[in-house]
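Engineer: 3D, please:
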Amino acid sequence: MTFGEKVTIARKQKKLTQTELADATGTSRDIIGKYERDESKPSIEIAARIAEVLDSSLDFLIRDITPEDALAKKIKQLSPINKEYVMAVIEAFEAKEKLQGKR
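Structural biologist: Predicted structure coming up:
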């Protein structure tokens, strides 16, 4: 997934328009559009601001890693008890999907 694709997805998940992201990062809507279409690449400073506004890591936005890889990295950084809580939540969703016939 490209930088632009990741920005687009993260922006939409945050329910932000291109204009709102531009305002929050000190750029313009046209520039955000170019980033999202991969027609242009931001400076490291702007990329860091975009990551901050989107509650993402700069590492995720610029590196070729999947959202699952990013999630795994975040889970690894949790305390052992919080890792257990995450696993319990995952298991609950798996059970729910099984009951609903989605697995």
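
Engineer: right, and the helix or strand after the least confident helix or strand in the chain by mean pLDDT?
Structural biologist: Every helix and strand in the chain was compared by mean pLDDT, DSSP states H and E; the lowest is helix 67-76, with a mean of 85. Using DSSP states H and E, the helix or strand that follows helix 67-76 towards the C-terminus is helix 80-99.

Engineer: Could you list the buried residues of the least confident helix or strand of the chain?
Structural biologist: Neighbour counts over helix 67-76 (16 or more other C-beta atoms under 10 Å) mark residue 70 as buried. C-beta coordinates here come from the backbone N, C-alpha and C atoms, glycine included.

Engineer: Against which helices or strands is it packed?
Structural biologist: Contact here means 3 or more C-beta pairs under 8 Å, 6 or more residues apart in numbering; DSSP states H and E; on that basis helix 67-76 packs against helix 58-62.

Engineer: give me that answer again for 10 Å
Structural biologist: The contact analysis (3 or more C-beta pairs under 10 Å, 6 or more residues apart in numbering; DSSP states H and E) places helix 67-76 against helix 3-13, helix 58-62, helix 80-99.
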